[in-house]
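**Student:** how would this look folded up:
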Amino acid sequence: MRALHLDYISTRATSPLAIAFLIVGLVLATLALLEYRAVRNELAEVEARAGELRKSDKRSAAIASQGPRDLEAAAQEVKLAQAALQRLALRWDALFVALESARANGVALLAIEPDPGKNVVKLTAEAKSAEDMLGYVERLQSAEGLADVTLASHQIKPSDPLQPLRFAVVAAWVKQP
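**Tutor:** Residues are numbered from 1 along each chain as shown. The predicted structure follows:
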């Protein structure tokens with residue numbers, strides 16, 4: 001049998017062709033990795049959209065399976081939400097300017113209750129005397145932004161030692177663009 005000569009330390013130089021193959025292999029592996037990541041991200045987006053569609057299908061099936069009472073309740077909730085949105089969208093600054101211009105000593109404004117559907121605002125206030133109350137109503141009538149100002153009700157609070165006059169005023173709220 002012949003003896004084998006094993007040379008573990010090679011003195012040969014690496015060929016340029018081998019280096020070129022190594023570089024091309026590394027570039028192709030990098031491109032494959034980048035393509036894999038792009039496809040994985042696209043797949044995640046498609047799966048998310050599919051999940052959203054499944055959820056919306058379940059919601060629409062649940063709505064379709066609801067009885068008439070549930071649909072009426074949902075319609076009522078929608079109306080309440082729309083009313084809340086109308087109240088939030090009101091231009092409060094014009095109303096506050098009108099109320100500030102009508103401010104009077106001896107009158108305390110307690111509540112402001114707008115009705116956006118009717119363009120009406122109800123004010124509840126307390127006055128020390130009937131003269132103060134009537135003066136305040138006159139100021140509101142001349143205030144810009146309010147129209148058809150009417151004294152709706154008034155009563156004396158006998159339980160209070162000062163006996164203030166509590167009154168309500170209803171006015172048309174002129175909305176400014």
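**Student:** Quick check: L43 vs E35, distance?
**Tutor:** According to Cβ to Cβ, to the nearest Å, L43 stands 12 Å off from E35. Heads up, the C-betas are built off the backbone N, CA and C, glycines and all.
**Student:** show me where the chain has helices.
**Tutor:** Across the chain, reading from the start of the chain, the helices by DSSP state H fall at 16-65, 68-88, 92-101, 130-142.
**Student:** So which of these is the most surrounded?
**Tutor:** With neighbours taken as mean count of other Cβ atoms under 10 Å, the helices of the chain reach their highest mean count in helix 130-142, at a mean of 17.
**Student:** What lies in contact with that one?
**Tutor:** Outside helix 130-142, the residues that touch it by Cβ atoms under 8 Å, 6 or more residues apart in numbering are 98-99, 101-107, 123, 125, 127, 146, 149, 151, 154, 165, 167, 169, 171.
**Student:** Report the angle between that helix and helix 92-101.
**Tutor:** Orientation of helix 130-142 against helix 92-101 (axes from the mean of the first three to the mean of the last three Cα atoms, to 10 degrees) gives an angle of 140 degrees.
**Student:** sorry, back to before: for the helices of the chain, which has the smallest mean pLDDT value?
**Tutor:** Set side by side, the helices of the chain give their lowest mean pLDDT on helix 68-88, at a mean of 78.
**Student:** just checking, what packs against it?
**Tutor:** Applying 3 or more Cβ pairs under 8 Å, 6 or more residues apart in numbering; DSSP states H and E, we find helix 68-88 packed against no helix or strand.
**Student:** cutoff 10 Å now
**Tutor:** Using 3 or more Cβ pairs under 10 Å, 6 or more residues apart in numbering; DSSP states H and E as the contact criterion, the secondary-structure elements in contact with helix 68-88 are helix 16-65, strand 107-115.
**Student:** remind me, longest strand of this structure?
**Tutor:** strand 146-156 (DSSP state E).
**Student:** Partner strands of that one, with direction?
**Tutor:** When pairs are called by DSSP bridges, strand 146-156 turns out to pair with strand 165-173 (antiparallel).
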